[in-house]
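J.: pasted the sequence and its predicted model underneath.
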Amino acid sequence: MQKVLITGIASGLGRLVARRLRNTCQVVGADRDQWTARLPELPFYRVDLRARGFEEVFRAERPDAVVHLGFVRHFRASANERYDVNVRGTRRLLDHCRRHGVKRVLVLSTSYVYGAMPENPCFMDEEYPLSASRNYPEIRDLVEVDTIATSFMWRHVDIDTSVIRPVPTLGYYVESTIGSYLRTNPVVVAMGFDPMMQFLHEDDLAEAVALSVEKGLRGVYNLAGPGQVPLRVAIRETGGRALPLPDPVLRRYASRVMGLPSGAIDFIKFPCTIDGARFVRDTGFRPQVGLKEAFRGVRRV
């Protein structure tokens with residue numbers, strides 16, 4: 001039974017992945033935040049990935065595999081903090097993996113790294129360029145993390161490294177920008193635009209992460225959900241009311257009211273859909289939660 005270290009285990013997704021993996025692996029957790037819903041049987045280290053003491057976790061536990069979920073994805077933190085935690089933290093983590101004989105590494109990226117552009121094809125595969133930084137510089141840290149992990153995969157062929165790029169995730173435990181957006185009232189949209197969007201339920205994301213570790217995947221993989229719908233259908237199915245706004249007004253609203261960078265608006269204007277066939281082929285993964293059920297989890301009471 002392999003031992004798996006999960007970074008960011010105190011997050012909603014971290015807890016779901018831990019519960020799923022403990023059926024087949026020894027699980028160890030690390031997070032800079034306190035794990036309030038801790039599973040008492042699992043060893044837990046409260047430590048920052050960037051701290052010198054983080055390497056002690058590797059010395060003490062000798063993990064066979066690492067699942068890296070310890071990112072700052074929200075915009076409540078400053079740009080400098082996001083970059084430092086996400087980029088410098090990932091570099092240090094991968095260095096520890098190399099030095100301490102870790103055999104498998106999974107880095108959870110996001111489909112947002114492709115960017116939302118009017119020229120995007122309907123379903124982008126893993127070879128499509130990562131263009132998010134062009135119009136959305138606030139997530140350049142996530143693009144860089146993806147690039148760092150991919151480069152690590154090619155440089156260190158003795159370590160089975162996988163980079164997973166899931167579509168936007170919905171659920172009760174996972175904190176996501178799209179989930180918060182769909183819960184606003186009204187839900188502002190770009191006047192004259194209604195892009196196709198993909199969604200994945202949090203339980204299916206946790207299952208996909210676990211499968212990747214158990215099967216020892218190596219490579220870059222898109223992770224798609226059970227289908228795609230126009231944005232306004234998603235709003236209707238989650239019980240919301242769409243409020244169309246002109247682009248300049250919408251971007252000011254996003255910044256001042258929602259606390260989102262202007263570039264985030266492109267993702268509710270232009271397509272950013274991905275082809276997840278490679279992951280299905282290599283793992284046999286099939287989403288178990290359909291879109292209607294995923295949307296019900298977001299619906300207003």
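T.: Perfect, thanks for sending it. All values reported here derive from a predicted model rather than from experimental measurement.
J.: over to P287. Which of the three states is it?
T.: For P287, the secondary-structure state derived from DSSP: H, G, I helix; E, B strand; the rest coil is coil.
J.: which residues does it contact?
T.: For P287, the contact set (C-beta atoms under 8 Å, 6 or more residues apart in numbering) comprises 200-201, 204, 225-226. All C-beta spots, glycine's among them, are computed from the backbone N, C-alpha and C.
J.: any chance you could map the helices in the stretch 101-250 of the chain?
T.: 132-135, 140-155, 177-182, 202-214, 231-237, 247-256 (DSSP state H, counting those that start in this stretch).
J.: neighbouring contacts of the fourth one?
T.: Same thing as helix 202-214. 2, 4, 12-13, 16-17, 19-21, 24-25, 65, 67, 69, 104, 106, 108, 162, 164, 166, 169-174, 217, 221, 223, 225, 279, 283-285, 287-289.
J.: C-alpha coordinates for that helix, CSV please?
T.: Output of helix 202-214 as CSV, limited to C-alpha atoms (Å, rounded to 0.1, in the frame of the first residue of the first chain):
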residue,chain,number,x,y,z
GLU,A,202,-16.5,17.8,-6.7
ASP,A,203,-17.0,14.0,-6.1
ASP,A,204,-16.0,13.2,-9.6
LEU,A,205,-12.9,15.5,-9.4
ALA,A,206,-11.9,13.7,-6.2
GLU,A,207,-12.4,10.3,-7.9
ALA,A,208,-10.3,11.4,-10.9
VAL,A,209,-7.5,12.6,-8.7
ALA,A,210,-7.5,9.2,-6.9
LEU,A,211,-7.6,7.2,-10.1
SER,A,212,-4.6,9.2,-11.4
VAL,A,213,-2.6,8.3,-8.3
GLU,A,214,-3.7,4.6,-8.2
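J.: thinking again about what came up before, highest average neighbour count across the helices of the stretch 101-250 of the chain?
T.: helix 202-214 (a mean of 22; mean count of other C-beta atoms under 10 Å).
J.: quick one: mean pLDDT for that helix?
T.: Helix 202-214 carries an average pLDDT of 97.
J.: any idea what the spatially closest residue to S176 that is not a sequence neighbour is bridged to?
T.: Once flanking residues are discounted, S176 sits nearest to T169: 5.2 Å by C-beta to C-beta, 6 or more residues apart in numbering. When assigned by DSSP bridges, T169 has beta-bridge partners L200.
J.: give me the pLDDT for T169.
T.: What the model reports for T169 is a pLDDT of 96.
J.: surely it touches L200?
T.: Yes. Between T169 and L200 a contact is recorded at 5.2 Å, counting by C-beta atoms under 8 Å.
J.: that older thread, and the contacts of helix 202-214, which of them are buried?
T.: 4, 12-13, 16-17, 20-21, 25, 65, 67, 69, 104, 106, 108, 162, 164, 166, 169-171, 173-174, 217, 221, 223, 225, 279, 283, 285, 287, 289 (16 or more other C-beta atoms under 10 Å).
J.: hang on, the earlier thing: for the residue nearest to S176, what are its contacts?
T.: Applying C-beta under 8 Å, 6+ apart, we find T169 in contact with 13, 176, 178-179, 199-202, 205.
J.: one more pass at 6 Å, please.
T.: The contact partners of T169, by C-beta atoms under 6 Å, 6 or more residues apart in numbering, come to 176, 200, 202, 205.
J.: so which of these is the closest to C97?
T.: Checking the contacts of T169 against C97 with C-beta to C-beta, the nearest one is L205 at 22.2 Å.
J.: any idea how far that closest one is from P137?
T.: For L205, the distance to P137 (C-beta to C-beta, to the nearest Å) stands at 26 Å.
J.: can you check E55 too?
T.: According to C-beta to C-beta, E55 and P137 sit 32 Å apart.
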